[in-house]
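Visitor: Sequence and predicted model, in that order:
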Amino acid sequence: MKIEGEYIFDGPREAVWKLVRDPEVLMKCLPGTQTVNKISDTEFTGEVTVRIGPFSGAFAGRVIVSDEVPPQSCTLTVEGTGKIGFLKGVGSIAMTELEGGKTLMKYGGEAQIGGKVASVGQRLFDSVSKSMAKQGLDTLNEILKSSNA
Amino acid sequence: MEKKLIGKRIMRNEDPRLLTGQAQFVDDVNLPGMLHAAFLRSEYAHARLVRLDVSKARQHPGVVAVFTAEDMGKDWFPGPPLVSPPPTVEDVVFHSRRQVPLVKDKIRHAGEAVAVVIAENRYIAEDAAELIEAEYESLPVIMNIEKALEADSPLVHDDLDSNLAAQLSQKKGDYEVARKAADVVIRRRILIERGAAAAMENRGVVAQWDAKGQALTVWDTTQAPIPIRNGLASRLGLSESQVRVIAPYIGGGFGPKIMMFYPEEMLIPWLAMKLNRPVKWIEDRRENFYATTQERGQVHDVEIALTRDGKVLGLKDDFLHDTGAYDPYGLTIPINTQCHAMGGYDIKNFTSEFKVVFTNKIIVTPVRGAGRPQGIFVIERMMDAAAKELGIDPVELRKRNLIQPDAFPYEHGIIDQAFAPLILDSGNYPAVLQKTLDAIGYEKFIKDEQPRLRKEGKHVGIAVAPFIETTGIGPYEGARVTVEASGKVNVATGIGTQGQGHFTSFAQIVAEQVGVKVTDVRIVTGDTAEFHWGTGTFASRGAVVAGSAMHAASSMVRKKIFTLASKILETPEEELELEDGVVRIADMPQRSISLGELALLANPLRGAVEPGTEPGLESTAYYGPRYGPTAFGAHAMILEIDPDTMMVKIRRYVVTEDCGTVLNPLILEGQVHGGVSMGIGNSFYEQLHYDENGQLLNASFADYLLVGATEMPHIEVHHVETLSPLNELGAKGAGEAGAIPVPALFAQAVENALHDQSVEVMEMPLSPNRLFELAKS
């Protein structure tokens, strides 16, 4: 499954970068996140409850951040397993400054999904991933705006 | 003897009970103290099992036991090979690798069973299964059968040098000579993809061990209860007489239920003995997609050589066949494909080599045609390509090549799936084809209707596809017919029934000989306690083989009836008549004796049974043909397609079927209708989609499209009866006939409909998306 999109943040790039690299912030943003643990600056684990069609379940996951070029870009490698299936993915984010103190984030990646959820939920992946991304990025933007104010 | 019952359109004996929910299916079996099993199945298609911790599952309240491969100890071993390679062909390569009860170290397809949980009920068992901690090391997944044979491909079975499971070549005449003599040689690549059987009833096993009586009873949704009984007895160290396997009413077989020694079939009886409590496992639909066998992935490189006026000189068909993770069913399916690749045509030169390839997908065993539809698809597509190339009408081209009525028995000189010579016993192929052409109005449609519709901008196509079907193969079946004191007749045979109407068609065969009403014949199928010897229901052989055994046994009983009645009534046999359960003297009808009374007299309480005779009015007979009869048919279809959406509507569908003697037209039509619905599914709606990691992407009926009433056309069924000389009934099989030519027919119809877009279909199944892509390219 391919995931890609763009988002415009109401704040400067350095601020967005700082938030993205903060595990506690991510916990507030990613819908369904129950816990996030920082193992190191570049490695996090956590638990996320996801609902896809008839399935909902907890995924125990690990995220590794690499190829960092702050505050511009980085690569994220994700792995998660749960009762409803498993997921492996690699994605990247790239941010550029826009006029008026805004930031454009472009993101893209590929995920392999397997198990129960893959065999029944295929048609829903696209819409679920888009809505999760939008919800997460909107929340991040809100946090960005309130921290600037 | 004039036929009173055979050939009559008699309502089915079994329907009142089936329609009112009174028939017993495996899930209806409920025993005191029964426990329920649920499986933990691998989600990875190819992985090493690194760690398996079932301790939390064992502690779950309501769980009685959890077993892994290690817990089975020396009782863990793979299932038996079901079919060995043909001894009569040289240079056969065959690596036998069979499925295991539970994964020990390596997972080879998604859905392989890793552990089994036994609990008070299925809900608890499934909840506990989720508590099992399994760690997998995922391995690169082998999905594509061509890539799987490349030198650097990862291996499904590490103890082999490659993913080649088997290889076999067959030859007839000399294709190279034919090719050189030909005016036209046409080459194509043909791709065929997988589908499921999707029987209405999923699989299930219930097992009960009676420790005091030392007897094991197993209810199993199998098409082959006797081989299951024999195999279980062997695996469990019991005598065959200690094991009773019952295949009760089964909601559809279609092939996967003839696959034997599924992991669950090996485990559930073992668990019942181990735990000394009855155990039940019923497959749910999602499990069925992963745990029950599938069919059909093949890649063909075909060549046909013809003269300018359309005579086929030779055919070459080399292909790859996907067997999935294991190959318990040997070479049955690809050999069937080879045997049908020449269709019903007089092709004197043929060469075909196939390679069977292991992949990380679910196991392939016979499903809906067992390889025959693929062979017919190949030859029919090549005939259509040749017709276009030579500028000859496609029907005319076929007529010029059909085997003629005086050519039978027609020996191909290659072997079939039963290792018997492929000999087409009888038929009148041109007459069957003509009947279909007349019924669909082929000439008129091509000349008048189609041009008119095309002027109106409609895309309506017509297609005609003839086909052969090898049926009724050995090794044998048996039957025992008994007239009881009540005057009713009890019959037992070793095969099982999955909806084919055996309780009626067999009763007709018996009643015809024994002179009773069809409703007075009780047929028992699928119970190893009732009949010991036999093979199973598959390869369109039930009516031909078991039916022939029934015919033989009932004829012997008829003789006994006349012999005894002649003695009792003191009248020569020729002067006696048998009708409605009574034997009477033809000229003095008031002097008679009922079959019930005769049965009592045949089993005396005093006096003696003469040496060399048996008590009772009972006989057992076996029928074992050297080779089976070949049925023939021709389907035709008029199809409209919307070129914008690529959605189809079948306007007319005609079938002419020659399966020799028709036992019951009502039942035959049911078989044809069912087959056609599955054929239409395999042509346009049903395809199993795997991703590159071996995950099934449409493992539910939400996304795996079965044909419904809205997709089905009205099917007009016609008959031609060329009796088979191979059995006394003159019958040929018809179980798979409805499904076999449909993909070929569909491809032809679609091409004909999209006449202005020069689409060529060399793959199956199609879909609106795929057709759109083909039309654009």
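Guide: Received it, and whenever you're ready, just let me know what you need. Numbering: from 1, shown residues only, chains lettered A, B, ... in the order given.
Visitor: Could you give me the buried positions within the helix ranked longest in chain A?
Guide: Using DSSP state H to assign secondary structure, the helix with the most residues in chain A is helix A:116-148. By 16 or more other C-beta atoms under 10 Å in any protein chain shown, the buried positions in helix A:116-148 come out as A:116-122, A:124-125, A:128-129, A:132-133, A:136-137, A:139-141, A:143-144. (C-beta placed from N, C-alpha, C; glycine too.)
Visitor: what's it packed up against?
Guide: Based on contacts counted as 3 or more C-beta pairs under 8 Å, 6 or more residues apart in numbering or on different chains; DSSP states H and E, the elements that helix A:116-148 packs against are strand A:2-9, helix A:13-20, helix A:23-29, strand A:43-52, strand A:55-69, strand A:85-98, strand A:102-114, helix B:285-291.
Visitor: so how far is it off the chain centroid?
Guide: Centroid separation for helix A:116-148 versus its chain: 8 Å, with C-alpha atoms, centre = their mean, to the nearest Å.
Visitor: average pLDDT across it?
Guide: Across helix A:116-148, pLDDT averages out at 87.
Visitor: where in the chain is pLDDT low?
Guide: You didn't say which chain, so I picked chain A. Applying pLDDT under 70 to chain A flags the ranges A:149.
Visitor: was after chain B, sorry
Guide: In the predicted model of chain B, residues B:1 satisfy pLDDT under 70.
Visitor: Could you list the residues of it in contact with chain A?
Guide: By C-beta under 8 Å from any C-beta of the partner chain, the residues of chain B that approach chain A are B:43-44, B:110, B:130, B:286, B:289-290, B:691, B:693, B:695-700, B:702-703.
Visitor: List the buried residues in the lengthiest helix in chain B.
Guide: Of all segments of type helix in chain B, defined using DSSP H, the longest is helix B:547-569. Using 16+ other C-beta under 10 Å as the burial criterion, the residues of helix B:547-569 that qualify are B:547-558, B:560-562, B:564-566, B:569.
Visitor: Check stretch B:153-163 too.
Guide: B:153, B:155-157, B:162-163.
Visitor: what about B:Ser777, how many neighbours?
Guide: By other C-beta atoms under 10 Å in any protein chain shown, 7 other residues sit near B:Ser777.
Visitor: From chain A, how far out is it?
Guide: 23 Å (C-beta to the nearest C-beta, to the nearest Å).
Visitor: how deep is residue 83 tucked in, by neighbour count?
Guide: If you meant another chain, say so; for now it's chain A. 15.
Visitor: switch to chain B, that's the one I care about
Guide: Using other C-beta under 10 Å, B:Val83 has 18 neighbouring residues.
Visitor: Adding distance to B:Asn360, write the helices and strands packed on helix A:116-148 out as JSON lines.
Guide: Listed next are the helices and strands packed on helix A:116-148 as JSON lines, based on distance: least, C-beta to C-beta, whole Å:
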{"stretch": "strand A:2-9", "distance to B:Asn360": "23"}
{"stretch": "helix A:13-20", "distance to B:Asn360": "38"}
{"stretch": "helix A:23-29", "distance to B:Asn360": "35"}
{"stretch": "strand A:43-52", "distance to B:Asn360": "24"}
{"stretch": "strand A:55-69", "distance to B:Asn360": "24"}
{"stretch": "strand A:85-98", "distance to B:Asn360": "16"}
{"stretch": "strand A:102-114", "distance to B:Asn360": "12"}
{"stretch": "helix B:285-291", "distance to B:Asn360": "12"}
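Visitor: Make JSON lines out of those and add mean neighbour count and distance to B:Arg606.
Guide: Below are the helices and strands packed on helix A:116-148 laid out as JSON lines (neighbours: other C-beta atoms under 10 Å in any protein chain shown; distance: least, C-beta to C-beta, whole Å):
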{"stretch": "strand A:2-9", "mean neighbour count": "15", "distance to B:Arg606": "88"}
{"stretch": "helix A:13-20", "mean neighbour count": "19", "distance to B:Arg606": "101"}
{"stretch": "helix A:23-29", "mean neighbour count": "17", "distance to B:Arg606": "94"}
{"stretch": "strand A:43-52", "mean neighbour count": "18", "distance to B:Arg606": "78"}
{"stretch": "strand A:55-69", "mean neighbour count": "15", "distance to B:Arg606": "74"}
{"stretch": "strand A:85-98", "mean neighbour count": "17", "distance to B:Arg606": "75"}
{"stretch": "strand A:102-114", "mean neighbour count": "17", "distance to B:Arg606": "75"}
{"stretch": "helix B:285-291", "mean neighbour count": "20", "distance to B:Arg606": "58"}
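Visitor: and of the ones you listed, who's closest to B:His719?
Guide: helix B:285-291 (34.9 Å; C-beta to C-beta).
Visitor: Tell me who's in contact with residue 54.
Guide: Since you didn't name a chain, this refers to chain A. A:120-121 (C-beta atoms under 8 Å, 6 or more residues apart in numbering or on different chains).
Visitor: let's do chain B instead
Guide: Taking C-beta under 8 Å, 6+ apart as the criterion, B:Val54 is in contact with B:66, B:68, B:115, B:132.
Visitor: Grab the two from those residues that are most spread out in space.
Guide: B:Thr68 and B:Ile132, at 8.9 Å, using C-beta to C-beta across these.
Visitor: So for the two, which residues contact both of them?
Guide: Joint contacts of B:Thr68 and B:Ile132 (C-beta under 8 Å, 6+ apart) are B:52, B:54, B:114-115.
Visitor: Pick the one among these closest to chain A.
Guide: B:Val114 (13.0 Å; C-beta to the nearest C-beta).
Visitor: what separates the closest one from B:Trp270, distance-wise?
Guide: 17 Å (C-beta to C-beta, to the nearest Å).
Visitor: Which residue ranges of the stretch 1-150 of chain B form helices?
Guide: In the stretch 1-150 of chain B, the helices defined using DSSP state H, counting those that start in this stretch lie at B:15-19, B:55-59, B:69-72, B:122-129.
Visitor: So which of those is nearest B:Pro248?
Guide: Nearest of those (C-beta to C-beta): helix B:15-19, 11.4 Å.
Visitor: hmm, back to that, just the buried residues of the residues of chain B next to chain A.
Guide: Applying 16+ other C-beta under 10 Å to the residues of chain B next to chain A flags B:43-44, B:110, B:130, B:286, B:289-290, B:691, B:693, B:695-699 as buried.
Visitor: got a list of what B:Leu666 touches?
Guide: Contacts of B:Leu666 by C-beta under 8 Å, 6+ apart are B:9-12.
Visitor: Pick out the one among those residues with the largest number of neighbours.
Guide: B:Ile10 (21 neighbours).
Visitor: Now do the contacts for it.
Guide: So B:Ile10 contacts B:504, B:508, B:518, B:664, B:666 (C-beta under 8 Å, 6+ apart).
Visitor: so how far is B:Lys732 from it?
Guide: As defined by C-beta to C-beta, B:Ile10 lies at a distance of 20 Å from B:Lys732.
Visitor: With B:His532 instead?
Guide: Plainly put, B:His532 is 27 Å away from B:Lys732 if you go by C-beta to C-beta.
Visitor: Looking at those two, which one has more neighbours?
Guide: B:Lys732 (33 against 16).
Visitor: Tell me the residues of chain A that contact chain B?
Guide: Residues of chain A lying close to chain B (C-beta under 8 Å from any C-beta) are A:83, A:85-86, A:112-116, A:118-120, A:122-123.
Visitor: and which of these is nearest B:Asp527?
Guide: Nearest to B:Asp527 among those, with distances taken as C-beta to C-beta, is A:Ser119, at 36.3 Å.
Visitor: Let me see the residues that make contact with the host helix or strand of B:Asn752.
Guide: Using DSSP states H and E, B:Asn752 sits in helix B:742-753. Residues outside helix B:742-753 that contact it (C-beta under 8 Å, 6+ apart): B:192, B:373, B:376-377, B:380-381, B:384, B:394, B:459-465, B:467, B:635-641, B:648, B:676, B:678-680, B:682-684, B:759-762, B:764-766, B:771.
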